[in-house]
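In: A structural model of the following input is requested.
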Amino acid sequence: MATLNVTIKEELTLNGSDKGAINTVTSTVTQLDHRILDILHTGEQTILLFAAAVAAGTIKDATLDYLRITNLDPTNFVTLRIAGNSEEYFVKLEALDSFILNNSLMDANAAGGASVSLAAIDEIKAQADSGTCTLEIYAAA
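Out: Below you'll find the model as predicted:
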């Protein structure tokens, strides 16, 4: 087991006043998947799976403590597809932006219903907008 400390820090001075913030979360983790990979624009690539057991590129269901996906490309965006329970949602990851999750649950509802039914994420796929982009994946469970 190891201790993961994640610190998010915003620095902003607005009209001469400090409006920054710092938040730190500590988790005990036993698994780390840290990869840097090229993402093509010609089709989606599966970048992370969630299942009942740990395997290559797979996080065990209900164990994810922290996930960061960073688009390292300085120009182009990447589209992420987060899918589970026969539902999915998409995230546009602009150049040099990061997407962060602290668990592996999701709900997507095109009808906009008032009730939420969280279910496990099954997979995350990525596709670059144009050319090949580089993603960094940091997943701790």
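
In: what are the phi and psi values for Cys133?
Out: With angles defined as degrees, to the nearest 10, Cys133 sits at phi -110, psi 160.

In: Which residue is the nearest non-sequential neighbour of it?
Out: Asp73 (3.9 Å; C-beta to C-beta, 6 or more residues apart in numbering). In this view, the C-beta of every residue, glycine as well, is placed from N, C-alpha and C.

In: And Thr75, by the same measure?
Out: Nearest one to Thr75, counting by C-beta to C-beta, 6+ apart, is Ala95 at 5.4 Å.

In: Give the full set of residues in contact with the residue nearest to Cys133.
Out: Ala95, Leu96, Ala128, Gly131, Cys133, Thr134 (C-beta atoms under 8 Å, 6 or more residues apart in numbering).

In: List just the nearest of the residues you listed to Gln45.
Out: Set against Gln45, the nearest of those by C-beta to C-beta is Ala128 (9.1 Å).

In: Show me what stretch 23-31 is in contact with.
Out: Stretch 23-31 is contacted from outside by 1-9, 54, 59-60, 63, 65-66, 102, 140-141, using C-beta under 8 Å, 6+ apart.

In: Now the buried members of these.
Out: Buried by 16 or more other C-beta atoms under 10 Å: Val6, Ile59, Lys60, Asp65, Tyr66, Ala140, Ala141, out of the contacts of stretch 23-31.

In: quick one: the fourth one and Ala52, what's the gap?
Out: Meaning Asp65. Using C-beta to C-beta, to the nearest Å, Asp65 is found at 18 Å from Ala52.
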